[in-house]
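>>> got a predicted model here, sequence first, then my questions.
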Amino acid sequence: MKGLTVFIADLRKCRSHEDEEKRVNKELANIRTKFKEPSINGYNRKKYVCKLLYMSLLGYEVNFGHREAVELVDSTKYSEKQVGYLAVSLLMEDESEYLRAVVRALRRDMHDGSEWIVCLALNAISNIGSREMAEVLTSDIVVQLLSPAASMFIKKKAALCLLRLVRRFPEAVKAHQWVGRITPYLGHRDIGVTQSVASLMTALAQQYPEETRKAASFAVRRLKSLVIDNEYTLDYVYYKVPAPWLQIKLLRLLQYYPAPESSEARSTLLSILRHIIDVSQDVPRELQQMNAQYSILFEAINLGIHLDIDQGLMQECAVLLGRFITSRETNVRYLGLETMSHLAAYIDRLDSIKAYQGVIVQSLRDRDISVRRRALDLLYSMCDVENAKAIVSELLRHMAMADVALREEMALKVAILTEKFATEYGWYVDVMMRLVSLAGDHMGDEVWHRIVQVILGNEELQVYACKISLQTLKAPVCHESAFKVSAYVLGEFGHLIANAADSAPIDQLKALQSKMSSTSHSARAVALTTVGKFINLFPEIKTLCLRVLDRYRGALDAELQQRACEYYALGTLEGDELLPTVFEEMPPFPERQSALMSRLLKREANTEDQRTWVVGGREINRERRGVMSGAASNDSREAVEASAMPVPAASQTGGPAGGSTAAPKADAPAASSASELPTDPSVAKSMRNYARLLWENDGILFDGEEIQVGVMAQYKPPGGRIGVFLGNRATAPLYNISITARAADGTQLDIQPAAGQETEQIPESLMPLAQARVFFDVQCKHVFGAAPTLHIGYTVAGSAPTVSELQLPVTVGHFMDPVTISVADFFARWKQLGDSGIAESQHVLPSAFLTKDAAGLEWLRSVVGGMGFALIQGADPEPNNIVGVGIATTQAGRFGCLVRVEPKPAHGLTRVTLRATNAEVARSIGSNIKMVFESK
């Protein structure tokens, strides 16, 4: 095309960008004019579209010519069709109005008699890969792959085209309908076809493990024919290594399945692995041969670690890997370190790996950053109680000189190892404070948040943490993250060291003030909260604290100004009742997965081929292996699924095959007793989670193998808003997600999706470790007994739809308003309700924890307060007794409720008595308290 050649030459002659832009604009105007001519022929149309493509590649915006590209696609000439598909792939968006015409042309060309036309269509589908193409053309691509008349070239392209669509729109291709017919192609006579199908099956195995289970036997047979029987053509021999890419793909595919059940298959697989290891002992003469052999060897070792079918083989692998990590070749060291990390993440005894600890530490100083990263992974994986201090010390020493790109990951891993293997509280605090000082600029707030959580949850840590925090603030240099930790800890527990030398309240305040001016707004906000808590903890320095707050009441930053104004107002109130309530000591954080571990796992989740193991996650890897092995038969798979459900099924729905695919419905937990608590640990845990949410407004409701459900509620009687958070704990995405809630009686309780919230907020798919959330508005119309039901539906890739039914922790007790009355009024009202006999509920509950736990009485007060009662101090002659007053508010009316809790630690019993102006209110709250006790 002479015109295209001249145009490109003109652009190359331009001496400035302005000249080039003028020439491009001139050509664009010319092309627009030519496209309007009705007599334009195919050759000129192709020429002008090629010019548009060239301008687009140079970075200029091209927003026309789409119709002409479609006309070229419809042409019968190969050269014009080729340019048309290229233009459609590069210029057209997924939402283009011409896309449907392209899909029609693709379907027509898929069944063309010319092999070249079919290949053009397959290439275009792979390049564009829109959802509409995945939905409409998948069946046609499968036909080309399975057709006996199709050439090997077309079959290879069809398999790779399906791989592209499966990765992009897994739910649209409906792979479960055709994957069974493609699996036998792993044994196809043409190695190229087998290699393409192996890539496709590897992607499908991660999403449809059950449907692709037969692929394992085909892969083993094909490996045996290649490795042991030497059945291959010379075309696929690469430097004396037969089909190395196919061997690698098949070995990787087998890592997504458990070890074979039959002894014959296990022995065959073991002989393959041993043969690969034996062949690798011969030192290759050529670099290419060495690369091919070592690539196969490392994949074979990974498979051996995953299957764990021979301990002798594992020991041999450890020795081999020890030789590789000392190699002079950078690539070999990299692969050796990565594979040894895999080994360390599975085996029970780490002695064989600890022998190389010095070599691994030296690898942290390697010139190649990828080798340094793998050395960090291995140190993280091989760490245990015995060598934790040495490894953490080495990592901290190296952190000062580590690359910026590596420092954040190193900080996360040091924080996790320190928390996981700490045997001394002082060592934990020292290491973490040093960590935030060294790497605070390169890590998020999760690290210092986690430090605070651990200190709050461990009383033994608190005194030492306060001392170190004060020392940190007094030091000449204090990093901002260390400042935040120190300020928070002193605000919570500064009173524990107030009587120590140089730790008086005034010393703590001066140390805090000395660093405030040099910190950011977020750090000052934490410090202001600490100053507010000092007013409550240390009345003797109240005046000084108010001066600090007064200084920030005119701050330009809105957050600082608001905190200072509100804390100053609280500190200058005449009464002292509100200040202790607002600045009450923070309770321990609920047990949940560490945010640091979640962040670390998330860094490794976004890859095309999912890892079958987690770096350093020995417990997670064992659990995965157990689940994978248990899923080998249908019976064991059902057992695994059932173990993730809250309680035995109340109703089930049939799946596509007529079997049960619904998760069991959770019965109302309030109806259970201590003797009736389920023996299944996951069920009992769900009951405890439900009971905790009866007196706390946020926490985990259900924690299963595939999903985690959290609840966050805020009530303003008679209304409230409930947030439901759905987390994906599976290793595959969730699809077809639905989250709905329904009240048992709509006339008593109304629960609807929150105002202004559309169902489109629920994502079409939820990736592993991701989270979706939905909010509901509730209105209490009348006093009600049964809690509403939460319905969660989803589909894990490759399995039938699952519907989980859970009881939402919403009871009439959640619509209580605490009311403070005098002691005399309380007993007068108590006697009046008792004499009237309107409604009384009484339970004598076992309370063995009172004799074992010194904080048991405080826990009781927290439960009663959390139930919505205002505690009346000094109302009962017995100091351990707890009395409270609340009003249950509904749209139909307000109902008073009094509670009296009489613990008897000596007898291990507690009597709980409730009197209310409505019988259902007393019964419901009494049942809630009973369940909380039973779950303790």
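Great, that's in hand. Note that this is a predicted model, so its numbers are computed, not measured.

>>> which residues sit in contact with Leu734?
706-707, 728, 765-766, 794-796 (CB atoms under 8 Å, 6 or more residues apart in numbering). For every residue, glycine as well, the C-beta is placed using N, CA and C.

>>> which of these ranks first by neighbour count?
Tyr794 (25 neighbours; other CB atoms under 10 Å).

>>> now it. Nearest residue, chain neighbours left out?
Leu734 (4.5 Å; CB to CB, 6 or more residues apart in numbering).

>>> show me what that neighbour is bridged to.
Leu766, Val796 (DSSP bridges).

>>> against Met712, how distant is it?
20 Å (CB to CB, to the nearest Å).

>>> do Glu171 as well
From Glu171 to Met712 the distance is 29 Å (CB to CB).

>>> now swap in Ile353 and tell me
43 Å.

>>> what about those two, which has more around it?
Set side by side, Ile353 and Met712 show more neighbours around Ile353, with 20 against 15, by other CB under 10 Å.

>>> that one in helix, strand or coil?
Counting by DSSP: H, G, I helix; E, B strand; the rest coil, the backbone at Ile353 sits in helix.

>>> quick one: buried residues of stretch 63-73?
65-66, 68-73 (16 or more other CB atoms under 10 Å).

>>> wait, I meant stretch 448-468
448-456, 461-462, 464-468.

>>> middle-most residue in the chain, spatially?
Taking CA atoms, centre = their mean as the criterion, Leu769 is the residue nearest the geometric centre of the chain, at 1.7 Å.

>>> next, that residue: secondary structure please.
What three-state DSSP gives for Leu769 is coil.

>>> cool, Val173 as well?
coil.

>>> now it: closest residue in space that isn't a chain neighbour?
Using CB to CB, 6+ apart, the nearest residue to Val173 is Thr138, at 4.7 Å.

>>> so that neighbour sits right up against Leu165, yeah?
Yes: judged on CB atoms under 8 Å, Thr138 makes contact with Leu165 at a distance of 6.4 Å.

>>> name the residues contacting each of these two.
172-173.

>>> for the stretch 201-350 of the chain, what are the low-confidence residue spans?
Along the stretch 201-350 of the chain, the model assigns pLDDT under 70 to residues 283-284, 309.

>>> and the helices in it?
215-227, 244-254, 263-280, 287-307, 311-324, 330-344 (DSSP state H, counting those that start in this stretch).

>>> which residues sit against the host helix or strand of Ser841?
According to DSSP states H and E, Ser841 maps onto strand 840-846. Defining contact as CB under 8 Å, 6+ apart, one finds that strand 840-846 is touched by 674, 833-834, 908-915, 922-923, 925-926, 929-930, 933-934.

>>> return the members of those classed as buried.
833, 910, 912-915, 922-923, 925-926, 929-930, 933-934.

>>> tell me which of these is nearest to Thr472?
Proximity to Thr472 was ranked across the buried ones among the contacts of strand 840-846 by CB to CB; first place goes to Phe933, at 42.1 Å.

>>> contact partners for that closest one?
Counting by CB under 8 Å, 6+ apart, Phe933 has contacts 845-847, 910.

>>> pull the CA atoms of whichever helix or strand it is part of into PDB?
Phe933 belongs to helix 919-935 when elements are defined using DSSP H and E. Extracted in PDB, the C-alpha atoms of helix 919-935 (Å, rounded to 0.1, in the frame of the first residue of the first chain):
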ATOM      1  CA  ALA A 919     -44.200 -10.500  79.000                       C
ATOM      2  CA  GLU A 920     -42.500 -11.000  75.700                       C
ATOM      3  CA  VAL A 921     -39.900  -8.400  76.500                       C
ATOM      4  CA  ALA A 922     -38.900 -10.200  79.700                       C
ATOM      5  CA  ARG A 923     -38.900 -13.600  78.100                       C
ATOM      6  CA  SER A 924     -36.900 -12.500  75.100                       C
ATOM      7  CA  ILE A 925     -34.200 -10.700  77.000                       C
ATOM      8  CA  GLY A 926     -34.100 -13.500  79.600                       C
ATOM      9  CA  SER A 927     -33.500 -16.000  76.700                       C
ATOM     10  CA  ASN A 928     -30.700 -13.800  75.300                       C
ATOM     11  CA  ILE A 929     -28.900 -13.600  78.700                       C
ATOM     12  CA  LYS A 930     -29.300 -17.400  79.100                       C
ATOM     13  CA  MET A 931     -27.700 -18.000  75.700                       C
ATOM     14  CA  VAL A 932     -24.800 -15.600  76.500                       C
ATOM     15  CA  PHE A 933     -24.100 -17.600  79.700                       C
ATOM     16  CA  GLU A 934     -24.300 -20.900  77.900                       C
ATOM     17  CA  SER A 935     -21.800 -19.800  75.200                       C
END
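
>>> the one helix or strand Arg108 maps to: how far from the chain's middle?
Per DSSP H and E: Arg108 is located in helix 99-110. Chain-centre distance of helix 99-110: 39 Å, with CA atoms, centre = their mean, to the nearest Å.

>>> please apply the same query to stretch 11-18.
The answer for stretch 11-18 is 51 Å, by CA atoms, centre = their mean.

>>> what average pLDDT does that stretch get?
Mean pLDDT, stretch 11-18: 90.

>>> what residues does that stretch touch?
Counting by CB under 8 Å, 6+ apart, 20, 23-24, 58 sit against stretch 11-18.
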